[in-house]
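Asks: Following is a predicted model, sequence given first.
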Amino acid sequence: MKIGMMLGFEDSIKTIATIAQEAERSGIYSLYTVDAGRSATITAAAVINATERAKVGTYIVNAFAREPWMTGLEARDLNEISDGRFILGVGTGNLHFNDLYMGIDSSKAKAKMRDFMEIVRQVVSGQAAERVRYQGEVHRIRWRATWSPTTPPPPVYMAASGPNMVRLAGETSDGVGIGIMSSVEFIRDIVRPNARQGAEQAGRDPDALVFPTAATISINKDVDAAREASKRAICKLYHPIPHPYYDSQLRQLGFAEFADQATQLVPAGRLAEAINLVPDAVVDSMTITGNVEQCAARIKAYEGIADELILARTGQRDDKNTLADYDDLFQLISAASG
């Protein structure tokens, strides 16, 4: 299993680049950026410039905030400047946030993602003067590439959660991206079977699919502090409104009572109360939490389930906002990547 790392929530792009360099020295396989507070593609360009070996990707770009043609062009360019190290990850983003923050109608999510994936995949692989034509329910394209790509097309991943979208990802993508708080059971019992079904129905080889999985990691020598940070991160999935992806997963895994409590408390500003109600089983099943040794043991649970584990670090109360905050994580990456 490959080990990756998610970037993009740090205080500056310079800091992101420095962390990326140190992660590469620690043996990281991949580095991913996200459309959340920063542009995933611009940040990815900075990470590419700062590194030499690691794969660099987006996990994810928000399809509802972008057009597929320009996203495909950006992916072509990022793949070229990285000498073929780029991976494009695409998803719907938080459908509720799309409406709340951007006023975007997300009601046709499946049709949108089908069109987006079809167009992006044609654009990233388009050869010089080759006609690209597609007419979908939401998007269409009539285009010819000015020149041929200098590298093989980048893999295109689609993030998905519910069975219908997971099947669509299996039908249209190279890899099914799984969100930052996903249990082994959820991936094994829901994501993988539905993705394989989608691939088979489309006449594709299901064994060719990969399953990159983002995982929240709260790592601290003080285990109690690590668990508190994980509980806080879980509750923040309900701010300012519940995140449908993770709320649905909690309910599917049998934590409906807590999901109901968080839905009431967190949007009302009662975060501390919600944190105290997070079941330990939620922390243990949906995050990687503890000291270096405990986190290393937890990572092993994903072997054979995830092809690539992308670690998304949760901030700790004793963080000093320096590179030293990442020492434990770099130590873990070095051990897990060895």
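Replies: That came through, no problem.
Asks: pretty sure residue 318 is in contact with residue 224, am I right?
Replies: No: using C-beta atoms under 8 Å, residue 318 is not in contact with residue 224; the gap is 11.8 Å. C-beta coordinates here come from the backbone N, C-alpha and C atoms, glycine included.
Asks: Give me the more crowded residue out of these two.
Replies: With neighbours defined as other C-beta atoms under 10 Å, residue 318 and residue 224 compare such that residue 318 has more, 11 against 8.
Asks: Look at that one and tell me its secondary structure.
Replies: coil (DSSP: H, G, I helix; E, B strand; the rest coil).
Asks: residue contacts, it?
Replies: Residue 318 makes contact with 220, 222, 225, according to C-beta atoms under 8 Å, 6 or more residues apart in numbering.
Asks: pLDDT score for residue 337?
Replies: At residue 337, the model reports a pLDDT of 85.
Asks: Residue 113 versus that one, what's the distance?
Replies: Distance, residue 337 to residue 113, using C-beta to C-beta, to the nearest Å: 32 Å.
Asks: Neighbour count: those two, which is higher?
Replies: residue 113 (25 against 15).
Asks: Just put the contacts of residue 318 in CSV and tack on pLDDT and neighbour count.
Replies: CSV is the format used below for the contacts of residue 318 (pLDDT from 0 to 100; neighbours: other C-beta atoms under 10 Å):
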residue, pLDDT, neighbour count
220, 97, 24
222, 97, 14
225, 97, 14
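Asks: just those residues now: which is nearest residue 324?
Replies: Using C-beta to C-beta, residue 220 comes nearest to residue 324 of the contacts of residue 318, at 12.8 Å.
Asks: quick one on the thing from earlier: so which of the contacts of residue 318 sit within helices?
Replies: residue 225 (DSSP state H).
Asks: how about CSV for the contacts of residue 318, with distance to residue 241 added?
Replies: Listed next are the contacts of residue 318 as CSV, based on distance: C-beta to C-beta, whole Å:
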residue, distance to residue 241
220, 29
222, 32
225, 28
